[in-house]
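# 3D, please:
(2 chains)
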Amino acid sequence: MTCAPKLDNRLSIEKSDPGRRGLWCKNLLRAKANVPAALKRKSALRLPELSEFDVVRHYTRLSQLNFSVDTHFYPLGSCTMKYNPRFNEEAAALEGFAALHPLAHDTCAQGTLELIHDLSARLVELCGLDAITLQPAAGAHSEFTGLLLAKAYFEAKGETRTEIVVPDSAHGTNPATASMMGFTTVNLASKPDGRLDVEELKKHIGPKTAVLMLTMPNTLGIFESNIEAIAKAVHEAGALFYMDGANLNALIGMVKPGDFGVDLMHLNFHKTFSTPHGGGGPGAGAIVCSKALAPFLPVPLVKKEGGKYISDFGDGRSIGKVKAFFGNTGVLVRAYAYMLAHSAAEFGDIARCAIINANYVRSLLMDIYPSYSKEYCMHECVLTPGPDMTSKGLRTLDVAKGLLDRGFHAPTIYFPTIVHEAIMIEPTETESKATLDEFVAAMRDVHDSGIADPQALKDAPHTMPVKRLDEVQAARQPNLHW
Amino acid sequence: MYIPHTKTDKEEMLKTIGVSSFEDLVKQVPSKFLWPKLNLPAESLDEAQSAVRMSELASKNCRPLSFLGAGAYERYTPAAVKAITSRTEFLTAYTPYQPEASQGTLQAIYEFQSTVSALYAMDCANASMYDGASSFAEAVRATVRVTGKKKIVYAAGVNPQYMDTLKTYFAHSPEYTYVKVPMKDGVMDQTALPGLLEGAACLAVQTPNFLGLIEGMDGVADLVKKAGALLVASADPVSLGILAAPGEYGADFAVGEGQSLGLPLAYGGPYLGLFSCKKEHVRQMPGRITGMTKDKDGQRGFVLTLQAREQHIRRDKAASNICSNEALCALAATVYSALYGPEGLKELAEANAGAAAYAAERLGAIKGCSLKFKGPFFNEFVLSVPGKAAAMRQGALGRGVDIGLPLAPLYPELGETLLVCATETKTEADILKLEAAIKEAL
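Numbers count the residues shown, from 1 in each chain, chains lettered A, B, ... in the order given. Okay, the predicted model is just below:
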């Protein structure tokens, strides 16, 4: 019998007692501090006063309230929740990497610079492009960097282009980034099969178009089979073709995006390259691009000269910095460790097994959870509750909560928004057939028991530390700190 | 390779799917693009070989006794912090989209927001940004949204990398103007403020500033308010153990680099952007925010809230495009702050100020060297040196000491100088080694 800890949802500060301590700083030089009284803090610092053991127990117990990849199947679509190899963590923790100051002299940073140089070369090759920056801190930050590059590229050509074309199936970050950069977003309606409509594209693309941002495969898990026509239309309009690489796990090693006309694309290391998601970061991103865009990449880059690695600040055409210091290097170390574990052929196996897994789940569920697309999917599939469920008032949210009670994290829900009641499932290649069989059984059980007793499913979850939470009250009367 | 499938698994799965081969599943991809040649190693490394390669690379980075600061600070990371952040229930979860299955992460973020609000003495904080520079840029963007003005006034002591990042964030809008408040004795010349602030969206200040000096903030907020502008303050969180907090001197937005709260230096990241503001600007905060609420049994619980600001709802109308932030780093900073508590953070801040004061005393007495500025500083200071600072640094590195950052490339007007930082990791003996290294490098 397991004895799960009793839910203790007191805040750390509610466990605090005046005078209790966890850590001390006994450095004798403290006595030399001579900050003038006028510059000193006057208000009390309202932090908890706890012993080290209090703190460790508090956060260990909090951790036990989470579902995570290590403890639960976590098929969150478009998030690529694959296994995060333990070796990556050990590599990043090596003191030589972890203790290196970002302003260390190049001669002191040869190991990290070599790692960045080698990682860059391998990623450029996987993407079939020419150059890369590893400075962005995340996917959305990469999109921002990519659009800055596009802007600089057109400015250098003396062109003013103000529009970004985005299909309606795109991640919300695409239009958000476009408007952050002062571009106007032109939304394209997808065809019924979920693909971009090339004729529509041609109507909306022209001398004002700077960039087409396209997620490949798209958020329905569909590959744009008319990719050549799309790339041709974009290039004929003088625009750039940007690939949102959030779903690269479906393609890695199987195709090179540069081959089908992509000019620039981003990578998410916390998706395709196995670095952990950390409860919402840190991630790391990259922009990989063609020769034409390379001069505008953020600085510094790393180059090799006379057997030494040096920071390269470019020729003045760079867009500048998108982040202080180099980038999320600690995440890059993990990604590099992952690269070492894969040969050219083994990268292709990632895509192959990711695609097999998604189709396997789809084929075993689509009789009761209709699939939006009638075709085989790539790395993820989008299902919906069938009429037998919706007629009883059961919705995607109920399916999600029912899964939690059965020990599975829910898929991504209500996205993409173009699919009514979407359930977006991305198993990733690291899950075994046995786990997928258990997940399928749970999905079928949610369906069957939901139809038998709809109210019980609407009240789910029943076994989690908390029941469904009042989000309206949270937004109406925000309580954001102790 | 981390794939569990046996050959039999794959065959059975393809059979269940109803295809005879994998190629049938990817017919939507034009075949001419499939399986290109990849110029990558034909053999992968096994884990033991990878371990050798990674250690070899790590050991190519040298480990001098370092007095570098300039926005990233050497800290000891307590074992308990590492133990909590390596709990894989935190490490391998994602953004808490399913709150019932993510109460651990959500409560930790709520406690992080509380910690940041407490440190900066502000009304509310978000669940983090990428780093101090992106927090700074987003805060300035928020002041532009609130005021509708496009003139940004900033103190000359703001970290130049933060200003670079800000200008990149505004690169699409040539109509923004940047006005620098001139420096006097290493801090902003406050007599210039009334004239410069006219028509401004904000005054952006950093204290302790990039040169380590503490800006006197008394009365500054009143001048800013009078001009109809907002005050953005960037501050090192550890310094707030003893120094006046942004909320005390009337900042509207307060930001900082959370790396200082015990995160490894890691050549620039992952770090942690701290972002806080007054409550009237809560809806201007970018990124994730966690709120406390109740479940349907009336029990306390936590959810992501105020999501109408965010990209996944508002798309092109969102306050920012940020999606993933630095949640695990936020957890580390929260645990670090809880371990030290109010007294411990005060001690840490005093140890920084004390170590730097001692270093300044020793180095300022070296013949030919002097302190560039006389004002009070926190944990770093500018040292004028008689020779070429860059050459001195390189010479001292050969003896295993990084004596600090030569400032000439960033502030040519300061002449040959070094920005020298000493945190609580430095002892009296370390500082005597620094003194000897500088003397030898002269």
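# residue contacts, B:Ala422?
B:67, B:352, B:355-356, B:358-359, B:379-380, B:430-431 (C-beta atoms under 8 Å, 6 or more residues apart in numbering or on different chains). C-betas here are computed from N, CA, C, even on glycine.
# what do you get if the cut-off is 6 Å, keeping everything else the same?
B:355-356, B:359 (C-beta atoms under 6 Å, 6 or more residues apart in numbering or on different chains).
# does any bit of stretch A:223-241 sit next to chain B?
Yes - with C-beta under 6 Å from any C-beta of the partner chain as the criterion, chain B is reached by stretch A:223-241 at A:223, A:225.
# endpoints of that stretch, how far apart?
Terminal residues of stretch A:223-241 are spaced 16 Å apart (C-alpha to C-alpha, to the nearest Å).
# separation between B:Ser114 and A:Asp54?
B:Ser114 sits 16 Å away from A:Asp54, going by C-beta to C-beta, to the nearest Å.
# swap that for B:Ala360, please
Per C-beta to C-beta, B:Ala360 is found 38 Å from A:Asp54.
# nearest to A:Pro85, of the contacts of B:Ala422?
Ranked by distance to A:Pro85 (C-beta to C-beta), those are led by B:Ala355 at 38.9 Å.
# ok, which of the contacts of B:Ala422 also contact chain A?
Among these, chain A is touched by B:Ala355 when using C-beta under 6 Å from any C-beta.
# now the contacts of B:Ala422 in CSV, with secondary structure and neighbour count?
Below are these laid out as CSV (DSSP: H, G, I helix; E, B strand; the rest coil; neighbours: other C-beta atoms under 10 Å in any protein chain shown):
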residue, secondary structure, neighbour count
B:Ala355, helix, 28
B:Ala356, helix, 28
B:Ala359, helix, 28
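# in the chain, which strand is the longest?
The chain I'm using is chain A. strand A:209-215 (DSSP state E).
# my question was about chain B
Per DSSP E, chain B has its longest strand at strand B:200-206.
# which residues touch residue 165?
In the absence of a named chain, this looks at chain A. A:Val165 sits next to A:186, A:204, A:209, A:212 when contact means C-beta under 6 Å, 6+ apart.
# sorry, should have said chain B
B:Thr165 is in contact with A:321, B:133, B:137, counting by C-beta under 6 Å, 6+ apart.
# go again with 7 Å.
By C-beta atoms under 7 Å, 6 or more residues apart in numbering or on different chains, the residues touching B:Thr165 are A:321-324, B:133-134, B:137.
# which residues of the stretch 1-150 of chain A fall in strands?
All strands of the stretch 1-150 of chain A, identified by DSSP state E, counting those that start in this stretch, fall at A:131-133.
# check the stretch 201-350 of chain A too.
Going by DSSP E, counting those that start in this stretch, the stretch 201-350 of chain A shows strands at A:209-215, A:240-244, A:264-268, A:285-289, A:301-305, A:308-312.
# ditto for the stretch 301-442 of chain B
In the stretch 301-442 of chain B, the segments counted as strands under DSSP E, counting those that start in this stretch are B:370-371, B:380-384, B:401-402, B:405-406, B:417-421.
# same question, the stretch 351-482 of chain A
Counting by DSSP E, counting those that start in this stretch, the strands of the stretch 351-482 of chain A are A:381-383, A:412-413, A:423-425.
# and the angle for the lowest-mean-pLDDT helix or strand in chain A with strand A:264-268?
When the helices and strands of chain A are scored by mean pLDDT, DSSP states H and E, helix A:173-180 comes last with a mean of 90. Orientation check (axes from the mean of the first three to the mean of the last three C-alpha atoms, to 10 degrees): helix A:173-180 against strand A:264-268 gives 120 degrees.
# what separates the lengthiest helix in chain A from the chain centre, distance-wise?
If you go by DSSP state H, chain A has its longest helix at helix A:344-365. In terms of C-alpha atoms, centre = their mean, to the nearest Å, the centre of helix A:344-365 is found 19 Å from the chain centre.
# now do it: which elements does it pack against?
strand A:381-383, helix A:433-452, helix B:7-17 (3 or more C-beta pairs under 7 Å, 6 or more residues apart in numbering or on different chains; DSSP states H and E).
# buried residues, stretch B:217-225. List them.
B:217, B:220-221, B:223-224 (16 or more other C-beta atoms under 10 Å in any protein chain shown).
# typo on my end, it should be stretch B:197-206
In stretch B:197-206, counting by 16+ other C-beta under 10 Å, buried: B:197, B:200-206.
# quick one, domains of chain A?
For chain A, automatic domain parsing gives the domain ranges A:87-340, A:345-472.
# got it, and chain B?
B:65-72+B:342-441, B:79-335.
# out of the ones you listed, flag the one nearest A:Ile355.
Across those, closest to A:Ile355 is domain B:79-335 (C-beta to C-beta), at 21.7 Å.
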